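Student: Next comes the sequence, and after it the predicted model I'd like to discuss.
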Amino acid sequence: MFHEHKPVLLNEVIKALNIRSDGFYIDGTFGRGGHSREIIKRLGCNGRLLAFDKDPDAVMSAGTDLMQDERFEIIKGSFTMLMSYVKQHEVEEKVSGVLFDLGVSSPQFDNSKRGFSFRYDSPLDMRMNPDEGESVANWLNKADEIEIADVIYKYGEERASRKIAKAIISFRKKTSIDSTKQLTDIISNSIPSKKNNIHPATKTFQAFRIFINHELDEIKDALPQAADVLCKGGRLAAISFHSLEDRIVKRFLRAQSRPKEQPPEIPILENCCDIKLKLIGKKIRPSREEITNNPRARSALLRVAERC
């Protein structure tokens, strides 16, 4: 079953970015361009929008309407390239807003050939960019039991990580694990079904995807870059979908919105210069109406900050 791609928290994101018609904005996670298209609608002839995405399918989806727009540019690559681009084009501290819509997109889940979902029998890949790096299958067929268990526990928060890892190693002695169906069956046969209708393979698939794409490391790398490139009053908006992502975003924004610890003998100045960001409002969740129209939005959480 394919789901129509619907940008999450669209109205809330547009409001959070406080878009200026002549501003320079960065969409760090283009996806299928839902947020980007709404941003560019609000830009005048002097406004600019730069987008990043590692997935070649996402870049191709931009279409002629955006690709022929002189105000728009998309780069096939990670949002960790953000600072490099900004320095190269000498627009440091001139960016009006940065958006991160973290995690995997609906089209990636729904593509039966990419290996992100246990709903299909497909090659066990899960790479955001299938042209780079190592697939889950390649890693899984050589990793030892301790490493596999640690990844499942750390990135999937799966209590049965050791049991699943043991089952994977046992299966691997007979044949290699190359498909999502093989992995799904191994997990389903090793642990009981969840009582809350969550598929037994959900957390393990999440863990392997996050690990193989270095997702959390990239978030930690990109957030400081985003804060540094913003102009005064520029906004940083980040949408997360699970606790591991949100924890990183929340801790970063809090740390950047408070004075760094100083020795007690040094007085704190009123206009303390080491505060980089100001938190804007509280965390924002989707409305009941949005969740009804787009159930995949139910776990989304938006946090916003402004450059001081």
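Tutor: Noted; the coordinates are in hand.
Student: List phi and psi for Thr80.
Tutor: The phi/psi pair for Thr80 (degrees, to the nearest 10) reads phi -70, psi -10.
Student: For it, give me its contacts.
Tutor: Taking CB atoms under 8 Å, 6 or more residues apart in numbering, we find Thr80 in contact with Glu218, Asp221, Ala222, Gln225. Every residue, glycine included, has its C-beta placed from N, CA and C.
Student: In a helix, the third one, correct?
Tutor: So the one you mean is Ala222. Yes - with DSSP: H, G, I helix; E, B strand; the rest coil as the criterion, Ala222 is part of a helix.
Student: so how far is Pro56 from it?
Tutor: 20 Å (CB to CB, to the nearest Å).
Student: Compare these two (neighbour count), which wins?
Tutor: Using other CB atoms under 10 Å as the criterion, Ala222 and Pro56 rank with Ala222 on top: 24 against 13.
Student: nearest residue to the more buried one other than its sequence neighbours?
Tutor: Phe79 (4.8 Å; CB to CB, 6 or more residues apart in numbering).
Student: follow-up on the earlier one: spell out which two among the contacts of Thr80 are the most distant pair, please.
Tutor: The two members of those with the most space between them (CB to CB) are Glu218 and Gln225, at 10.6 Å.
Student: Near the nearest residue to Met128 once chain neighbours are set aside, how many other residues are there?
Tutor: Distances taken as CB to CB, 6+ apart place Lys54 nearest to Met128, at 4.4 Å, with adjacent residues excluded. By other CB under 10 Å, 24 other residues sit near Lys54.
Student: got it, and Lys260?
Tutor: 9.
Student: That one falls within a strand, correct?
Tutor: No - using three-state DSSP, the assignment for Lys260 is coil, not a strand.
Student: residue contacts, it?
Tutor: Counting by CB under 8 Å, 6+ apart, Lys260 has contacts Asp274.
Student: Just to check, Asn141 is in contact with Ile177?
Tutor: Yes - contact criterion CB atoms under 8 Å: Asn141 and Ile177 qualify, at 6.0 Å.
Student: between those two, who's got more neighbours?
Tutor: Neighbours per residue (other CB under 10 Å) separate Asn141 from Ile177, with Ile177 holding more: 18 against 15.
Student: thought the more buried one was touching Ile186?
Tutor: Yes - between Ile177 and Ile186 there is a contact under CB under 8 Å: 7.3 Å.
Student: so what sits against both of the two?
Tutor: With CB under 8 Å, 6+ apart, Ile177 and Ile186 have common neighbours Ile168, Phe171.
Student: What segments of the stretch 151-300 of the chain are strands?
Tutor: 230-240, 277-279 (DSSP state E, counting those that start in this stretch).
Student: For these, please prepare CSV with the additional fields distance to Asp110 and mean neighbour count.
Tutor: What follows is the strands of the stretch 151-300 of the chain, written out as CSV (distance: least, CB to CB, whole Å; neighbours: other CB atoms under 10 Å):
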stretch, distance to Asp110, mean neighbour count
strand 230-240, 19, 22
strand 277-279, 35, 18
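Student: want to try JSON lines for these, with mean pLDDT and distance to Asn18 as columns?
Tutor: Converted to JSON lines, the strands of the stretch 151-300 of the chain look like this (pLDDT from 0 to 100; distance: least, CB to CB, whole Å):
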{"stretch": "strand 230-240", "mean pLDDT": "97", "distance to Asn18": "6"}
{"stretch": "strand 277-279", "mean pLDDT": "97", "distance to Asn18": "13"}
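Student: For Ile14, which of the ones you listed is the nearest?
Tutor: strand 230-240 (9.5 Å).
Student: That closest one packs against which elements?
Tutor: Helices and strands touching strand 230-240, as assessed by 3 or more CB pairs under 8 Å, 6 or more residues apart in numbering; DSSP states H and E, comprise helix 10-17, strand 95-101, helix 215-229, helix 243-256, strand 301-307.
Student: between these, which one is nearest to Ser193?
Tutor: helix 243-256 (22.2 Å).
Student: which residues touch that closest one?
Tutor: So helix 243-256 is in contact with 102-103, 155, 157, 210, 215-216, 219-220, 223-224, 227, 236, 238, 240, 275-277, 279, 283, 301, 303, 305, going by CB under 8 Å, 6+ apart.
Student: Pull the contacting residues for the residue nearest in space to the middle of the chain.
Tutor: For the chain, the residue nearest the mean C-alpha position is Leu102 (1.8 Å; CA atoms, centre = their mean). By CB under 8 Å, 6+ apart, the residues touching Leu102 are Thr29, Glu215, Ile219, Ala238, Ile239, Ser240, Phe241, Glu245, Val249.
Student: ok, the last one to Val98 distance?
Tutor: Think Val249. For Val249 relative to Val98 (CB to CB), the value is 12 Å.
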